[in-house]
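A.B. asks: Give the three-dimensional model of this entry:
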Amino acid sequence: MKELGFYFDFGSPTAFLANVRLQQLRSKYGITVNFYPVLLGGIFKATGNSSPATVPAKGQYMQKHDLPRFARKYGVPLNFNPHFPINTLQLMRAATAMYEDVNFEIFINCIFKSIWIDGLNMGDERVVESVLIQNKFDSINILDQIKTDEVKQTLIKNTEEAINRGLFGVPTIFINDEMFFGQDRLDFVEAILEKPIK
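C.D. replies: Predicted coordinates for the structure are as follows:
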């Protein structure tokens, strides 16, 4: 079975779209998707990169045209979050804490939906707690875990390893040790998946 690695941060709308598309590709090709939560801010700082939103014309183009086109292509709603940019540090720590949990992917989908479909301010811990409770997660346990040194250091380590692997942003996908940056490169990923395993 083929597998790929998906590096993401909840604060990226393109990572949201990549998550949707990768699930579609998994259903179609039976692949394994390995999720890697990282800190996009840390990656930007280490590489000198920045969000497309820092270039007003580019940010406006992506928000009004490019992202909606891909959302329509993938058949998923997308509402640009009115609280953007959201500080996702606690959310990425939560994803790190949940990594071995049987409900990890349900959690990932829940947070992405809360930000990029429901438009919630997931940088507000009270909102996060409410979302976790509504979706039947153990909010007390999760919010306690994100304060531990183990979770904090694991997320830092994972981000540093991603940078050492060549990441300069998210979403980034690896398949057969080949790197693809951006959800708009997933057609190249699918072309590899279409090839039979030798």
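A.B. asks: tell me the contacts of residue 190?
C.D. replies: Residue 190 makes contacts with 25, 29, as judged by Cβ atoms under 8 Å, 6 or more residues apart in numbering. Every C-beta, even on glycine, is put in place using the N, C-alpha and C of the backbone.
A.B. asks: Can you tell me the element it falls in?
C.D. replies: Using DSSP states H and E, residue 190 sits within helix 186-194.
A.B. asks: Ok, residue 122 next?
C.D. replies: Secondary structure here is read from DSSP H and E; on that basis residue 122 sits in neither a helix nor a strand.
A.B. asks: And the strands in this protein?
C.D. replies: In chain order, the chain shows strands spanning 3-8, 32-37, 172-175, 178-181, with DSSP state E as the criterion.
A.B. asks: just so I know, which of these lies nearest residue 152?
C.D. replies: strand 32-37 (12.6 Å; Cβ to Cβ).
A.B. asks: The closest one packs against which elements?
C.D. replies: If contacts are counted by 3 or more Cβ pairs under 8 Å, 6 or more residues apart in numbering; DSSP states H and E, strand 32-37 sits against strand 3-8, helix 13-29, helix 89-97, helix 104-116, helix 149-164.
A.B. asks: Contacts for it next, please.
C.D. replies: Contact with strand 32-37 is made by 1-9, 22-23, 26, 92, 95-96, 99, 104-105, 108, 155, 158, 162, as judged by Cβ under 8 Å, 6+ apart.
A.B. asks: Just the buried residues from these, in ChimeraX please.
C.D. replies: Typed into ChimeraX, the line below selects the buried ones among the contacts of strand 32-37, using 16 or more other Cβ atoms under 10 Å:
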select :4,5,6,7,8,9,22,23,92,95,96,99,108,155,158,162
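A.B. asks: Spatially, what comes nearest to residue 86 if we skip its sequence neighbours?
C.D. replies: Of all residues not flanking residue 86 in the chain, residue 123 sits nearest, at 4.3 Å (Cβ to Cβ, 6 or more residues apart in numbering).
A.B. asks: With distance to residue 192 and mean pLDDT added, can I get the helices and strands packed on strand 32-37 in TSV?
C.D. replies: Supplementary listing: the helices and strands packed on strand 32-37 in TSV, determined by distance: least, Cβ to Cβ, whole Å; pLDDT from 0 to 100:
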stretch	distance to residue 192	mean pLDDT
strand 3-8	9	97
helix 13-29	10	98
helix 89-97	26	98
helix 104-116	22	98
helix 149-164	21	98
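A.B. asks: which of those sits most buried?
C.D. replies: Highest mean neighbour count of those: helix 89-97, a mean of 23 (counted as mean count of other Cβ atoms under 10 Å).
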